[in-house]
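In: sequence first, predicted model second:
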Amino acid sequence: MKNTEKYAGITPAFYACYDEKGEVSPERVRALTRYFMDAGVQGLYVNGSSGECIYLSKEERKCILENVCAEAKGKLRIIAHVACNNTRDSEELAAHAESLKVDAIASIPPIYFHLPAYSIAEYWNKISAAAPNTDFIIYNIPQLAGVSLTADLCKEMLKNKKVVGVKNSSMPVQDIQTFKALGGEDFAVFNGPDEQFVGGRAMGAVGGIGGTYGAMPELFVKMNKLFVENRITEAREIQIKVNEIIGMLCSGHGNMYAMIKEVLRIRKGLEIGSVRSPLTPLTEEDKKIAEKTAKIIDDAVAHFC
Ligand SMILES: CC(=O)N[C@H](C=O)[C@@H](O)[C@H](O)[C@H](O)CO
Ligand SMILES: CC(=O)C(=O)O
């Protein structure tokens, strides 16, 4: 199958699921996986930024991925983000992900030290070599990682035949076109910023991987469908509503992912806990925002879907 077919559509970023004590809960991971399957999404992006990967241990990340894979049973395309800030641990997670037969692994660059491009390439290639039979997706998120995927680094990485795409979370939609041009016809570029999903698709993204999709998967699935049918004006109407919703999700004192988890509880009765420190949980005031946001999402789904 072509990469542009295999990776098309809506791939929500999976959230870290905790029990009441803040420990990773396998049962809740499975419940969230079922929720996404019922929502009609095409894939899941597991243990990424939205999955609080930088606050989880390797063992916790393995446990989450194992439970997602067991529940999805090949019915969803699974992309496992395996980057840790050192090569060795990332290789271990890459090999583990391959043993579970995920569709692809993905990795941000190493953070904190701004390493030269050749060090980043070596880091990515070593991770890829630890999962030699699995597709590799580069995660470009310069505003958080502190380093950008340059055209030269992208070209260097394209020498590795396992590299099938870029998840692009930089803000210029033009970057999507740039990576697509470098990678060629069958290169899968994913839109990162949820606020410009339609813009990213217009510039050649095969679909998107997003941190807020989980709060409102119906709206993203519909937006994508409208885009495929070339009904861009209607897709844009949903995008504008989605952006208002994202604004609300970010308007609390507590962290956006805590807000999304509360919205999931209100909308779907899904309990997946809060967020892990240093992320801040919701205040009582925030819970009122979550109530309002859940209502706006429900109304939007009734209106657009
Ligand atoms: C910077 C960042 O985390 N970007 C995510 C991934 O690309 C997005 O999915 C955001 O979570 C989303 O666009 C909300 O701002
Ligand atoms: C949002 C996203 O792509 C992530 O969780 O990494």
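Out: Looks like it came in fine. Ligands and ions are numbered 1, 2, ... in the order given.
In: up against ligand 2, what does the stretch 1-150 of the chain have?
Out: The stretch 1-150 of the chain comes close to ligand 2 at residues 13, 45, 48-51, as judged by Cβ under 6 Å from any ligand atom. In short, each C-beta sits where N, CA and C put it, glycine included.
In: list of residues touching stretch 166-182?
Out: Stretch 166-182 is contacted from outside by 45, 106, 137-144, 148-149, 151, 154-155, 158, 183, 187-193, 196, 199-200, 202-205, 209, using Cβ atoms under 8 Å, 6 or more residues apart in numbering.
In: check contacts around the residue in the chain that ligand 2 sits nearest to.
Out: As assessed by Cβ to the nearest ligand atom, ligand 2 sits closest to residue 48 within the chain, at 2.6 Å. Neighbouring residues of residue 48 by Cβ under 8 Å, 6+ apart: 13-14, 81, 106, 139, 209, 211.
In: how about a cut-off of 6 Å?
Out: Counting by Cβ atoms under 6 Å, 6 or more residues apart in numbering, residue 48 touches 13, 81.
In: pLDDT score assigned to it?
Out: We have a pLDDT of 98 for residue 48.
In: now do residue 241
Out: Residue 241 is given a pLDDT of 98.
In: equivalent analysis for the one 3 residues further on, please.
Out: According to the prediction, residue 244 has pLDDT 98.
In: ok, it - how many residues close by?
Out: Neighbourhood size, residue 244 [other Cβ atoms under 10 Å]: 12.
In: any residues touching the one helix or strand it maps to, and which ones?
Out: Residue 244 is part of helix 232-249, with elements assigned from DSSP states H and E. Contacts of helix 232-249 with the rest of the structure, by Cβ under 6 Å, 6+ apart, involve 195, 198, 212, 219, 223, 226-227, 256, 259, 293, 296-297, 300, 304.
In: which members of these occur in helices, if any?
Out: 198, 219, 223, 226-227, 256, 259, 293, 296-297, 300, 304 (DSSP state H).
In: re earlier: ligand 1 next: which of the contacts of stretch 166-182 are close?
Out: Contacts with ligand 1 within the contacts of stretch 166-182, counted by Cβ under 6 Å from any ligand atom: 141, 144, 192-193.
In: convert the C-alpha atoms of stretch 258-274 to CSV, please.
Out: Extracted C-alpha coordinates of stretch 258-274, given in CSV (Å, rounded to 0.1, in the frame of the first residue of the first chain):
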residue,chain,number,x,y,z
ALA,A,258,-6.3,18.2,32.0
MET,A,259,-9.1,20.3,30.4
ILE,A,260,-9.4,17.8,27.5
LYS,A,261,-9.6,14.9,30.0
GLU,A,262,-12.4,16.6,31.9
VAL,A,263,-14.2,17.3,28.6
LEU,A,264,-14.0,13.5,27.8
ARG,A,265,-15.4,12.7,31.2
ILE,A,266,-18.3,15.1,30.7
ARG,A,267,-19.0,14.2,27.1
LYS,A,268,-18.5,10.4,27.2
GLY,A,269,-18.2,9.4,30.8
LEU,A,270,-14.6,8.4,30.2
GLU,A,271,-12.4,8.6,33.3
ILE,A,272,-8.7,8.8,32.4
GLY,A,273,-7.5,10.8,35.3
SER,A,274,-5.7,14.2,35.3
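In: check whether it contacts ligand 1.
Out: No - Stretch 258-274 is not in contact with ligand 1 by Cβ under 6 Å from any ligand atom; minimum separation 9.3 Å.
In: now do the buried residues in that stretch.
Out: Neighbour-count burial for stretch 258-274 flags 258-267, 270-274 (criterion: 16 or more other Cβ atoms under 10 Å).
In: and if you look at stretch 144-153?
Out: By neighbour count on 16+ other Cβ under 10 Å, the buried set for stretch 144-153 is 145, 147, 149, 153.
In: got the contact list for residue 97?
Out: By Cβ under 6 Å, 6+ apart, the contact set of residue 97 is 80, 82, 105.
In: I am finished for the moment; much appreciated.
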